[in-house]
Every structure is written in structure tokens, then in C-alpha cells.
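In: I'd like to go over a predicted model; first the sequence, then the structure.
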Amino acid sequence: MTWIATMSLSLAVRIDRQGGPEELKIVEVEVGEPGPGEIRIRHKAVGLNFIDTYQRSGLYPFPMPLQLGMEAAGVVEAVGEGVTHLKVGDRAAYASQPPGAYCALRVMPAKCVCRLPDAISFETGAAMMLKGLTAQYLLKKTLPVEGLVPGDFILFHAAAGGVGLIACQWAKALGLQLIGTAGSDAKCRMALDHGAAHAINYGTEDFAARVREITGGAGVKVVYDSVGKDTFEGSLACLRPFGLLASFGNGSGPVPPVNLGVLGAKGSLYVTRPTLFTHIATRESTQAMADDLFAVVESGQVKIPIDQRYALRDVQQAHRDLEARKTTGCTVLTLD
């Protein structure tokens with residue numbers, strides 16, 4: 001008996017070289033059968049994230065050509081040998097390496113794909129996995145040496161972004177006093193509406209001075225910073241002794257080289273550069289983090305704000321708007 005591989009066609013977004021949004025091209029690709037440890041999933045919605053722009057621009061180098069996208073939700077169409085936690089027909093969502101989510105159909109590793117609860121829509125699933133799991137590992141695992149307890153102040157930059165608005169709500173549920181920064185008064189109001197205890201417009205205010213004022217001169221135990229170059233020095237100035245700076249993104253560009261002696265002079269500070277993909281390196285850790293995220297969303301304590309929707313064919317404009325700071329909350333690419 002001869003086995004013949006079957007192929008399906010899918011629209012996908014690909015770049016042949018790194019550069020600006022104009023490099024994003026809509027192409028048709030062949031999608032085959034899943035191999036051992038893989039699934040084939042038909043997407044219903046795809047999430048848009050800042051890391052996608054880093055991969056497109058060249059800040060994060062990748063071999064070319066590259067199909068972009070790190071998160072999506074859809075329905076499992078086929079499962080490969082050894083996959084036991086998913087079956088054909090399951091609703092599923094993921095944030096996962098390798099990139100490739102900007103498409104209608106793909107074959108991918110199954111280990112980071114989780115069953116999506118029926119109470120959570122496909123759009124919400126696509127919008128929340130990378131950003132929600134990021135908020136989870138920051139607030140639950142990326143902690144100062146003295147820990148966090150209800151009532152503690154924390155500083156969260158870009159608080160009106162996708163990760164930020166989830167973190168505002170989750171921090172409030174944990175009893176933490178989140179001080180958020182954002183680039184406009186409207187974005188500050190949005191952070192406050194989502195649970196931030198305080199909000200600072202870093203376009204018009206000295207955020208480090210305001211943090212000291214809010215905390216009575218003490219500073220915060222931890223700063224969560226996805227902005228990078230523009231906020232790094234100010235973030236260090238916001239920390240109390242033994243405080244932690246978690247630099248988890250480069251929205252304004254990479255952080256310049258650091259003189260470690262400064263950390264001692266400012267109070268025996270700690271700095272870390274965590275990534276989500278270290279935390280979801282195993283099937284077990286991914287599922288445990290996803291279960292935590294699903295529970296807090298299903299409880300209503302965290303709502304996933306989808307503030308922008310773009311058709312897949314409009315992906316160039318989506319990237320332009322994201323990089324121009326024109327977006328708030330979460331953004332999804334639709335596949336109608």
C-alpha cells in the first residue's frame with residue numbers, strides 16, 4: 001500500500017528580507033500532514049504582538065524567508081503521532097515558537113498548544129495567549145528577592161498596551177498597587193479604568209520623580225519594563241533597595257550596555273531579561289501557566305481588551321499602527 005501525503009493551500013504572511021512593514025507579503029503556501037509531536041490547526045483569529053515587528057525589522061535575526069506570527073486560536077484538524085493532549089475538532093490556542101501564525105492553516109509543534117475553554121472565544125484566545133502568559137510569568141514568577149504581598153507598589157511601563165492592560169487587572173486581583181505609565185492622558189485613563197492604582201503620562205511628567213512621590217520616597221519593589229532604551233535609567237531610579245528591574249521588551253530600542261557597579265550604588269539592585277519562551281519550554285509548564293490564565297479570565301477578574309481588528313490582507317497597516325503607538329490593548333488579525 002502506497003501512502004500519499006495530502007497537501008492543503010493556505011494564505012500566509014511572509015517576508016523575504018527584514019525591513020519595514022512593506023516587506024510583509026501575502027502568499028499562498030502548501031500545508032501538509034503533521035509529523036510526530038505536531039498538529040495541523042485551522043486558525044479562526046491571529047494575535048498581533050510587538051515581537052512580530054522585532055522579527056520583521058531585524059532586531060531579532062531570523063533566516064529568510066520567514067512566516068511571522070507567534071499566537072493564534074482555531075480548531076485542530078489533524079494530530080501527529082505521540083500527541084495525546086489534543087484531538088481532531090478541539091478548540092485550541094497557543095503562543096509558541098517557531099513563528100508562523102500569520103496564516104489560515106499551519107502544521108506546528110503541539111507542546112505549546114492548549115485546549116481553549118468553551119467559555120473563551122477564538123478572538124479572545126488569539127489575543128491573550130502571548131500577552132496573558134507574559135503577564136502571568138511576570139506577576140507570578142519574575143519577583144523581587146523580598147517577594148510581593150498585597151499592598152506593595154509595582155511599576156509597569158506601557159500600561160495601556162496589550163500586556164499592560166492585562167497586568168493592570170491581574171495586579172489588582174492580587175492586591176498590588178500598580179503604577180502604570182503611558183504616552184498620553186487617554187492611555188493613562190485606560191490604565192486606571194483597568195485597575196491601575198496610579199497612572200503617569202511619561203510624555204509630560206518625570207515618571208521617576210512621580211513614582212517617588214506616590215511611594216512616599218520609598219520606591220517600588222519591581223519595575224516591569226517593555227519599553228527598553230528610553231525608560232531604563234528612569235526605571236532603575238524608581239527602585240527601592242534590593243529592587244528588581246525586569247526588562248522584557250525593546251519598544252524604544254535595545255537597552256545600552258550597563259555598568260553593573262551602578263546597581264550596587266543604587267541599592268544592591270537586580271536586573272533580569274526574561275522571555276516567555278523560557279517559561280513555556282515544556283508541555284507541563286505551558287499548561288500550568290495557561291490554566292492560571294484561563295481561570296482568571298473565566299472568573300471575570302481579567303478581561304481581554306481587543307481594541308483593533310485588521311483583516312490578514314491589511315497586515316502592513318497593522319504593523320504601522322502598532323509601531324506608531326496608535327493601538328491600545330490587544331489586536332487581532334481576522335481570517336474572513
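Out: Sure thing, it's come through.
In: what about the helices in the protein?
Out: 50-57, 122-141, 162-173, 185-193, 207-214, 232-237, 260-265, 276-279, 283-298, 315-323 (DSSP state H).
In: can you list contacts of the shortest one?
Out: So that's helix 276-279. Ala95, Gln97, Leu130, Leu133, Thr134, Tyr137, Lys141, Ser285, Met289 (C-beta atoms under 8 Å, 6 or more residues apart in numbering). C-beta: built from backbone N, CA, C; applies to glycine.
In: restricted to buried residues, select these in ChimeraX.
Out: Buried subset of these, written as a ChimeraX selection, criterion 16 or more other C-beta atoms under 10 Å:
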select :95,130,133,134,137,285,289
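In: report the lowest-confidence entry in the contacts of helix 276-279.
Out: For the contacts of helix 276-279, the model is least confident at Gln97; its pLDDT is 88.
In: what is the burial count for the closest residue to that residue other than its chain neighbours?
Out: With C-beta to C-beta, 6 or more residues apart in numbering as the criterion, Gln97 has its nearest non-adjacent residue at 5.6 Å, and that residue is Phe277. By other C-beta atoms under 10 Å, 15 other residues sit near Phe277.
In: related to what we said a few turns ago, minimum distance to Tyr224: which of the helices of the chain has it?
Out: Closest to Tyr224 of those, according to C-beta to C-beta: helix 122-141, at 5.3 Å.
In: remind me what that closest one packs against, helices and strands.
Out: If you count contacts as 3 or more C-beta pairs under 8 Å, 6 or more residues apart in numbering; DSSP states H and E, helix 122-141 packs onto strand 38-48, strand 71-79, strand 91-95, helix 162-173, helix 276-279, helix 283-298, strand 306-311, strand 330-334.
In: tell me what angle it forms with helix 283-298.
Out: 110 degrees (axes from the mean of the first three to the mean of the last three C-alpha atoms, to 10 degrees).
In: send me helix 122-141 as CSV with only the CA atoms.
Out: C-alpha atoms of helix 122-141 as CSV (Å, rounded to 0.1, in the frame of the first residue of the first chain):
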residue,chain,number,x,y,z
PHE,A,122,-11.4,32.3,19.4
GLU,A,123,-10.7,36.1,19.2
THR,A,124,-10.0,36.3,22.9
GLY,A,125,-7.9,33.2,22.8
ALA,A,126,-5.8,34.6,19.9
ALA,A,127,-5.4,37.9,21.6
MET,A,128,-4.5,36.7,25.0
MET,A,129,-2.1,33.8,24.8
LEU,A,130,1.3,35.6,24.3
LYS,A,131,0.3,38.7,26.3
GLY,A,132,-1.6,36.9,29.0
LEU,A,133,1.1,34.3,29.6
THR,A,134,3.6,37.1,29.7
ALA,A,135,1.6,38.9,32.4
GLN,A,136,1.4,35.6,34.2
TYR,A,137,5.1,34.9,34.3
LEU,A,138,5.9,38.5,35.2
LEU,A,139,3.5,38.8,38.1
LYS,A,140,3.8,35.2,39.4
LYS,A,141,7.4,34.2,38.6
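In: so what's the gap between it and the chain middle?
Out: 6 Å (C-alpha atoms, centre = their mean, to the nearest Å).
In: that helix: which residues count as buried?
Out: Applying 16+ other C-beta under 10 Å to helix 122-141 flags 122-139 as buried.
In: report how many residues lie close to Thr334.
Out: 16.
In: need the contact list for it.
Out: Applying C-beta under 8 Å, 6+ apart, the residues near Thr334 are Ala45, Arg309, Tyr310, Ala311, Leu312.
In: just name the closest of those residues to Asp230, please.
Out: Using C-beta to C-beta, Tyr310 comes nearest to Asp230 of those, at 26.6 Å.
In: got the contact list for the closest one?
Out: The contact partners of Tyr310, by C-beta under 8 Å, 6+ apart, come to Leu48, Gln317, Ala318, Thr331, Val332, Leu333, Thr334.
In: for the fifth one, list each beta-bridge partner.
Out: Yep, that's Val332 we're talking about. Gly47, Arg309 (DSSP bridges).
In: my read: it touches His43, true?
Out: No - contact status for Val332 versus His43: not in contact, 10.4 Å apart, counting by C-beta atoms under 8 Å.
In: nearest residue to Glu146 other than its sequence neighbours?
Out: The shortest distance from Glu146 to any non-neighbouring residue, by C-beta to C-beta, 6+ apart, is to Phe242 (5.9 Å).
In: look up how far Ala167 lies from the one you found.
Out: Going from Phe242 to Ala167 by C-beta to C-beta, to the nearest Å gives 22 Å.
In: show me where pLDDT drops low in the protein?
Out: The chain contains residues with pLDDT under 70 at 1-6.
In: rerun at 90
Out: For the chain, the stretches flagged by pLDDT under 90 are 1-8, 50, 59-60, 96-97, 228-230, 249-258, 305, 325, 327-329, 336.
In: neighbours of Gly147, how many?
Out: Neighbour count of Gly147, defined by other C-beta under 10 Å: 9.
In: swap in Arg14?
Out: Neighbour count of Arg14, defined by other C-beta under 10 Å: 18.
In: distance of it from Pro63?
Out: Taken as C-beta to C-beta, the span from Arg14 to Pro63 is 12 Å.
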